[in-house]
Structure formats: structure tokens, C-alpha cells
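**Q** Here is a sequence with its predicted model. Questions after.
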Amino acid sequence: MFVTASGLAIDEMGYAMSRLEIESELLDAANVTNEAGSSNRSNKPSSNVVDHDIAQLTNLRSGPQERLRQFMPGKQKLPVSPVKMLAGREGNYSGRGRFSSADCCHMLSRYLPVNGPWLVDQMASRAYVSQFSADGSLFVAGFQGSNIRIYNVDRGWKVQKNILAKILRWTVTDTSLCPDQRHLVYTSMSPIVHIVNVGSATTDSLSNITEIHEGLDFSAADDGRYSFGIFSVKFSTDGRELVAGSSDDSIYVYDLEANKLSLRIVAHTADVNTVTFADESGNLIYSGSDDNLCKVWDRRCFIAKDKPAGVLMGHIEGITFLDSRRDGRYFISNGKDQTIKLWDIRKMSSNTSWSGFACNLEFRNYEWDYRWMDYPPQARDLKHPRDQSVATYKGHSVLRTLIRCYFSPEYSTGQKYIYTGSHDSCIYIYDVVTGAQVAVLKHHTSPVRDCSWHPHYPMLVSSSWDGDVVKWEFPGNGEAPAPLSNKRMQRRYYY
């Protein structure tokens, strides 16, 4: 089921009318006055609109060409209808004779992947990871019960690889697919990262039975005398290195060509829950931690005694995930304070300016643990006194697990949206510029830890602790999803 920003519910059987209703809701989205998550609507401008460079950049990536708008008959307003866009292209009003990439994004971004869901798979254990490959041809899902499945999207979601993880501690915490899609690495609460040959002909990859899952030892610098877990791992864009965030407050860099650990940075004062590269160069790394800080690391300056290039404050609770806009400037973070924040690294602080305020949150008058407690009501309106974020998005819930958030794809939406899983079993989609909550997808019965938007098509796949992996689409042929069985598979959860 899809719920619009005003609370309008559209079920699977309502597809014939949902397209018009969705477009109407998107046209009104810019008039939301409250922060994302509110159902109050008004014709007044939004007080949560991002007044920043990123608003202009987003509009340039996802808005129609200016001449196309000016020459079109009728009232000039956004979004421009598909009929007018097509008429403008055929009339060559833009002078290009074709759509620009921004014109294409303007057309595609209005059709959100909100219809469905269609069942992709159903497992007897919690889903922790679900991600499309960079080209969208493969999809990876990792489960607590030691299974990692790689689906071939182009071949009807056929299971191309069924991996049974080796020596799993607690769960599969993260996976990362090599840029050439030949290898996959997976992590758990262990310093050993395992690597699997995805391109081999064997479908069932059973560790050390049908295939070797080589172990990469991230504790080698300390001779393996102590243990820690890895929460986050990413391949570099050239596939030669891995960067990882760990439970021992550190960032690790592993050189795959030399087959050895090349760098360890004691980066934070608490668990490093998430790391990611800022852009294609691989020089900048972002990290987020339970010490409530986001940090920026310049690899060209790593020799400077583990000092970050800068620090960003604003969350009042730990950070669960980061996603980069891949431009070396902007990224978003999901926090246990129940917010997503948008950051511009040009606003980061130097070490001298933040050292006295890193974890000094004396205004907090409560104690809680997100793993088993609800977020305190008195904390929902608290703000960090030195918040350096560009914008804040509210409405979803970050409890029990490290829930992830992302920018929508550049190719099809111009990164116009932010989307996230949620403890309340839903998927939330926010408008980056207005902060409006443009869609809420409802199907799952347990927390949605991860979800992934196809890089080229209006398709989103979500995975949940209920074991379901489902896809949401906006089909152009009016196809209705096959009804999902009300009878769920009997599950055994692994704690």
C-alpha cells in the first residue's frame, strides 16, 4: 500500500486512478508548511525549504530547460506535464531537438515507485542488507540466517548466487559488490571480511565446501589478539581497496592488491557505524559514529596523526548510516535522534573549534537505549546548539537497528529525493528541497533496515526483518501486482 503526503491510501487494486492522484499530490508537495512527517497542508511557502546551493543544483538536475518552460502555452508552473514536455521537444522549443538529462529527470522523477509490492523472495530470517549493483543488473540481499542471495534482475530475478556465509557472528552486517561485479565482500561482528567470486558458474556458494570464501584479516596490525566487529564496508571505485567502519572506534583501509591491511585510524570515540567514499576519486571518506559526529577524512593527509579534515555536528544521538551525493560536497546521515540530516562539507569545523563540544550534550535530561526503548517524547523537539547541517528531515523512525537512508538516483530523478527504511515497517520518501514527505510505502510487518532504488528505472526494493524482499514500481502498462498471500511462511528468527 502507498500513502501520499496527505494520508491518502492507494491499494493495489486502485492503480487505474492512483496515477492521477499521485501527480496531484506531487504538484501540491511544495506547499507543505510543516516539517516532513506532518499531514497539515497549506498554500503558504514551506518553512522547511532548503535555502542553499543544493536547492539550485537539485533544480538544475531535475527541472525542465528554461526555454522549454517559457515557450510553452498556458500558465507556467512546475512540474510541466508530460504532454507539454513532449510537445515542446517535437516543436524544438529548447533549440536542442531532444531532451536534456534534466528534462528526462523532470519526466521520470514524477513517477515514484509506489505501486505494489511484488514479492521477490521470502526468507525465514531477518533481512539486513539489500542493494542494487551500480548498473542495476544485479540485486544483493543479506540475511541474519547466514544467507546472502544475488538476484539477476534482467533474468526475472533468478537467483544467480546463493551464498552461505562463513563463521557468521550475529548477522551479515554489510555487503559490497566490486565495481566490475566479479567479487562480493561480506562482514559480520568479526574482524574477518570474506570475499566471494560472484562470477563463478556455481550457484550455491557454500563456504569451503563448494567454493572458497577467502578471509581478509582486518586485525592483522594487532596480531589478532583482540576482536571487534565490522558494521560497514565499501569497495573503492577502482576496486583495489576496501574501507570499513568498526566497533573499536576505527576506520580500516585494506589493500586488495597487496592483500594486507594498509591503514587503521582511531577515528571516533564510539562505534563507527558507517563509512563511505565522497566521490569517484576515493580521496575523501565520510564516517559516522555513535559519538554523534560525522567526520571527513582526506586520504592525502592521513599521515597527520589521525586527524580528520573536518567535523560536522548536529545529531544529538548516534549516526546509523551515511550516503554521499558523490560530488565531494554533500551527504546525508540517518540518526538515532529520528532524523535525517543533509550536510555540506564546506561548513565543517576544524579540530580546534569542535574539541570542546564533541559529545558535550548537557541539555539532554534523559537516558535511553535505541535497541529496546522507544525514543523519549521530550527529546523529539531538542536541537543541537551547534547544528551545522543544511536541512533536517523527520517522520520515519530509527530504532532497534542501523537503518539506512539514500539519495534517489541521479539518472532518473536528479537526486531530487531522499528515501529511508524505518522501524515502523514503512519506507519514507522525502523531497530534498522542500522537506515534504511525498510518499510512505506500507507492506512489511517488521522494521525495514535497508531499501534500494534502481539506478535507471522507477523501481524500489525493500527488505525487512519480516524476511520479505519486495519490489515497488510505477509500471507504464497499468499492470497490477499479483496479490501477496496472507499466509506467511513460518519463520525461525535467529537472535
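**A** That came through fine.

**Q** does V296 really touch S324, like I thought?
**A** No: the criterion here is CB atoms under 8 Å, and V296 misses it with S324 at 10.7 Å. (Glycine included, C-beta is placed from N, CA and C.)

**Q** okay, those two: which has more neighbours?
**A** A count of neighbours by other CB atoms under 10 Å puts S324 above the other of V296 and S324, at 22 against 19.

**Q** wait, isn't the more buried one in contact with F331?
**A** Yes: counting by CB under 8 Å, S324 touches F331, with 4.5 Å between them.

**Q** Which residues are in contact with each of those two?
**A** Common neighbours of S324 and F331 (criterion: CB atoms under 8 Å, 6 or more residues apart in numbering): T276, A278, Y286.

**Q** Restricted to strands, list those.
**A** Counting by DSSP state E, the part of these found in strands is T276, Y286.

**Q** re earlier: name the residues contacting each of V296 and S324.
**A** Contacts common to V296 and S324, judged by CB under 8 Å, 6+ apart, are A278, Y286.

**Q** How far off centre is stretch 141-153?
**A** On the basis of CA atoms, centre = their mean, to the nearest Å, stretch 141-153 sits 18 Å off its chain's mean C-alpha point.

**Q** In the protein, where is pLDDT below threshold?
**A** Low-confidence segments of the chain (pLDDT under 70): 1-48, 51, 66-77, 92-96, 208, 220-226, 302-305, 351-363, 475-495.

**Q** Tell me which residue is most central in it.
**A** Nearest to the geometric centre of the chain sits Y406, at 2.6 Å (CA atoms, centre = their mean).

**Q** tell me the contacts of that residue?
**A** D323, I332, I418, Y419, T420, C451, S452, W453.

**Q** again, only using 10 Å
**A** By CB atoms under 10 Å, 6 or more residues apart in numbering, the contact list for Y406 reads 131, 321-324, 332, 334, 340, 415, 417-421, 450-453.

**Q** would you say it is within a helix?
**A** No: counting by DSSP: H, G, I helix; E, B strand; the rest coil, Y406 is not part of a helix but strand.

**Q** Beta-bridge partners for it, please?
**A** Y419 (DSSP bridges).

**Q** Any figure for the gap between it and V198?
**A** Between Y406 and V198 the computed distance is 22 Å (CB to CB, to the nearest Å).

**Q** Check which residues of stretch 54-65 are buried.
**A** I54, A55, L57, T58, N59, R61, S62, G63, P64, Q65 (16 or more other CB atoms under 10 Å).

**Q** ok, back up a step: just the closest of the shared contacts of S324 and F331 to A87, please.
**A** A278 (40.5 Å; CB to CB).

**Q** from what I can see the closest one touches F331, true?
**A** Yes: using CB atoms under 10 Å, A278 is in contact with F331, at 7.1 Å.

**Q** which residues do these two both contact?
**A** With CB under 10 Å, 6+ apart as the test, A278 and F331 both reach L284, Y286, V296, L322, S324, R325, I345.

**Q** Now compare these and name the two farthest from each other.
**A** Largest separation among the shared contacts of A278 and F331 by CB to CB: V296 and R325, giving 13.5 Å.

**Q** Give me the common contacts of the two.
**A** A278, F331, W343.

**Q** Closest one to F139 out of those, please.
**A** F331 (23.6 Å).

**Q** Which strand residues bridge the closest one?
**A** Per DSSP bridges, the residues bridged to F331 are S324, W343.

**Q** Please enumerate the strands of the stretch 51-200 of the chain.
**A** 115-122, 127-132, 138-143, 147-152, 158-164, 174-177, 183-187, 192-197 (DSSP state E, counting those that start in this stretch).
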